[in-house]
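Visitor: coords please:
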Amino acid sequence: MMNWSKNLATIFPALLNNLGNLMPGRKLLSLEVMRGLAALFVLLFHTHEWLAKILLQPVFHEYFYFGKYGVDFFFVLSGFIIMYAHSSNIGKREDILYYLRRRFLRIFPTYWVVLGLVLMAYAAQGRVGEHAEFDLKSISKSFFLMTSEHRPVLVVSWTLSFELFFYLAFIVFFFGKKIGTCFFSIWALLIGINYFFPIQPDSWLLNTRHLEFMLGLIAAWIIKEKEFGYGYWILGITSILILLTIQGERLYPDLDFEYWKIYALLSFFLIIGLGLKEKETRIAPPKFLILLGSASYSIYLVHLPVILFSGKIIQNSFLKQSNPHILFILMAIVALASGLFFHLYIEKFLQKFFISKKIQKFAKNHDRNKVLPRIKINDGNDITI
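Guide: Residues are numbered from 1 along each chain as shown. Sure, this is the predicted structure:
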């Protein structure tokens, strides 16, 4: 992957708008909460990162530097959710168009609104056409989440390109479970071969991050097919290992090691532990944490542009001389509040307008012998499908 994307691999990709009805009649609320917390930690990481560039000194680095690995948790979570939510569609080719419409409407309407706002901000600054990433070709690629040799207009969208490609690759399961399993097994094998014996080291299709989605597929199979009561043990041991990994990186920051690979495996076991635990015991987390999870896609898209805008204000005003810790708190609050506002008043409107109306109409007119999963609006806060 290009250097910029390696550096930006710290970005959380709360890459799904909602967890959906993963278990009969209810969500896996523990994963909803984890998604919200991951979004918050990534937001705090980027607040620290950009404020440090402005003030030329670290701010809360020791507390939030590990938030960059939220992207790995969400890639694994994405694979888990898609397999769990669509396991009943495996082997049913007639569901492909319905599946694609769902995925398209989940990602693009909200993304396009944010992208449009960012482009307008750049145009107001006279930056459109100034750099390679702002020429017509690059803007078009950003619009459709296509990979590019240049940085995308909305920086965080590089993760959505991975997400979108995984959605498309998952279609092979609609042709049969064996076909899908063989396809992903061969793909994983090719990625592994290319990793240990680099033939195409810069190949996007053979990027090791694709394996994180495959870990999610395996986690979904375990949760759905296996019955064993080790959820608390898996969750407890994984939590300890996460803390040890955080501490290890803190003690050895200059170690030439890709910690994200460890966090990917730990995310795999964390999701399994949470899933098994919630199959055993229903939980009732605070409503704000559930809201945080529901708003994570908006927070993901909005938080970095808001942080960059806030940073410019600080850099060009007397605020630069203020207490750095207070500035950190204010920047984080503004970014979080912006994401929540966007979720409550824009993303929800787009969901209700596009998803509920368009997909329900499509499902009604789509002739098949089974009933499609019902779209459900929970307390007006989100839409799960």
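Visitor: mind listing the helices for the stretch 101-250 of the chain?
Guide: Ranges of helices in the stretch 101-250 of the chain, per DSSP state H, counting those that start in this stretch, are 136-143, 157-169, 177-196, 210-225, 231-251.
Visitor: pLDDT (mean, whole number) over the third one?
Guide: Helix 177-196 shows an average pLDDT of 96 in the prediction.
Visitor: for that helix, C-alpha coordinates in CSV please.
Guide: Written as CSV, here are the backbone C-alpha positions of helix 177-196 (Å, rounded to 0.1, in the frame of the first residue of the first chain):
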residue,chain,number,x,y,z
LYS,A,177,-21.4,-22.2,0.0
LYS,A,178,-18.7,-24.4,-1.5
ILE,A,179,-18.0,-21.9,-4.3
GLY,A,180,-17.7,-19.1,-1.8
THR,A,181,-15.5,-21.0,0.6
CYS,A,182,-13.2,-22.1,-2.2
PHE,A,183,-13.0,-18.6,-3.6
PHE,A,184,-12.0,-17.0,-0.3
SER,A,185,-9.7,-19.9,0.6
ILE,A,186,-7.8,-19.5,-2.7
TRP,A,187,-7.7,-15.7,-2.3
ALA,A,188,-6.4,-16.1,1.2
LEU,A,189,-3.8,-18.5,0.0
LEU,A,190,-2.6,-16.2,-2.7
ILE,A,191,-2.4,-13.3,-0.2
GLY,A,192,-0.3,-15.5,2.1
ILE,A,193,2.0,-16.6,-0.7
ASN,A,194,2.5,-13.0,-1.9
TYR,A,195,3.2,-12.0,1.7
PHE,A,196,6.0,-14.5,2.4
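Visitor: what does it contact?
Guide: The contact list for helix 177-196 (C-beta atoms under 8 Å, 6 or more residues apart in numbering) reads 90-91, 169-170, 172-174, 199-201, 203, 206-208, 210-211, 214, 217. C-beta: built from backbone N, CA, C; applies to glycine.
Visitor: just name whatever secondary elements the helix or strand harbouring Y84 is in contact with.
Guide: Taking DSSP states H and E as the definition, Y84 sits inside helix 70-85. Applying 3 or more C-beta pairs under 8 Å, 6 or more residues apart in numbering; DSSP states H and E, one finds that helix 70-85 contacts helix 29-55, helix 157-169, helix 210-225, helix 259-280.
Visitor: and those helices, which is most packed in?
Guide: Comparing these by mean neighbour count (mean count of other C-beta atoms under 10 Å), helix 29-55 comes out on top with a mean of 22.
Visitor: thinking again about what came up before, among the helices and strands packed on helix 70-85, which comes closest to P324?
Guide: Closest of those to P324 is helix 29-55, at 5.4 Å (criterion: C-beta to C-beta).
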